[in-house]
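In: Sequence and predicted structure are below.
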Amino acid sequence: MSFRMFEEKDHAALYQQYRMTPPKEIKELILQYLDKKKGPPRELAVDLGCGTGQNTRLLSPHFQKVVGIDVSESQVEVAKTVPGFTNLSYRAGPAEELPFPDASVDLLTAASAAHWFDAEPFLKEATRVLKPRGCMALFGYLDTYDLHYGSCGDRLNTIYEEMKKSMLPYSSGRVSVSNSKLQELYEAISFPDKDRIEVIPVKEEVTVNNIVGLLKTHSTFQAYHRADPQGAANLIESTMARFLKEMGVTSTETKLEIRLEYFCVLACKPQ
């Protein structure tokens, strides 16, 4: 069964505010793969571990119907509050038990979520619900950020790595599954037609506030916060202050560049 690490309403609110929308490079890669392997029509896409719907909404213009599913009811409830997507719906539930008929889904996606799934039952369900030539796209990014601002990028990265190190006792082993670029999950996929793209470099411009907010969404920080709320709050406050000091600015809305290394597992069900 999926790990349940994102249940709290406050955590869901942070997800909605600070989690980045997957980059266009990933979306285009997935849609091109689906068109090459299966072709039209694009009827149903299902976004697993959808959180507050960043990737789900991205798929909406490209399919007749899109369904986001997450094991956290709080995440789903926040996702439902975003208006303007008439072909999109959300349901609470695990990735290992999908509420769809056999051979009914064109595309299954999971954005920074597949490492939380129980691989064997998830892959069994994926095989059941995908149409012949239907596709899976499981992607994410490494939790090592590369920050750039003027000449102080190295020092900002050191601050971030020191923050990560201080939270290490609260880290789940499932994070290492993501940082392996889903290698074991890729190997467990039985479809002969599959690929794993290990390096997809992406650059984003974000504010200092958004960087620190993104750190607060991480499962490791949330585990730390549950164990020691004051310690977690102090860590966030000191990290923010150190970022601003190194950058020589006072506004948390100051923008800097973050470079991320995405990866993507793609697989196509046989005919």
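Out: That came through fine.

In: quick one: low-confidence parts of the stretch 151-271 of the chain?
Out: 172-179 (pLDDT under 70).

In: so E257 touches V208, yeah?
Out: No: in terms of C-beta atoms under 8 Å, E257 does not count as a neighbour of V208; the distance is 11.8 Å. Where you see a C-beta, it was placed from the backbone N, CA and C, and this is true even at glycine.

In: When the two are compared, which one has more neighbours?
Out: V208 (22 against 13; other C-beta atoms under 10 Å).

In: what's the nearest residue to that one if we skip its chain neighbours?
Out: Leaving aside its chain neighbours, V208 sits nearest to T252 (4.9 Å; criterion: C-beta to C-beta, 6 or more residues apart in numbering).

In: Assign that neighbour to helix, strand or coil.
Out: Secondary structure, DSSP: H, G, I helix; E, B strand; the rest coil: T252 is coil.

In: which residues sit in contact with it?
Out: Shown in contact with T252 (C-beta atoms under 8 Å, 6 or more residues apart in numbering): 207-209, 212, 240, 244.

In: got it, and Y145?
Out: Y145 makes contacts with 157, 160, 211, 258-260, as judged by C-beta under 8 Å, 6+ apart.

In: Give me the buried subset of these.
Out: Buried by 16 or more other C-beta atoms under 10 Å: 160, 211, 258, 260, out of the contacts of Y145.

In: Now those in JSON lines, please, with extra columns for distance to H218 and secondary structure.
Out: Formatted as JSON lines, the buried ones among the contacts of Y145 follow (distance: C-beta to C-beta, whole Å; DSSP: H, G, I helix; E, B strand; the rest coil):
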{"residue": "Y160", "distance to H218": "11", "secondary structure": "helix"}
{"residue": "I211", "distance to H218": "12", "secondary structure": "helix"}
{"residue": "I258", "distance to H218": "14", "secondary structure": "strand"}
{"residue": "L260", "distance to H218": "14", "secondary structure": "strand"}
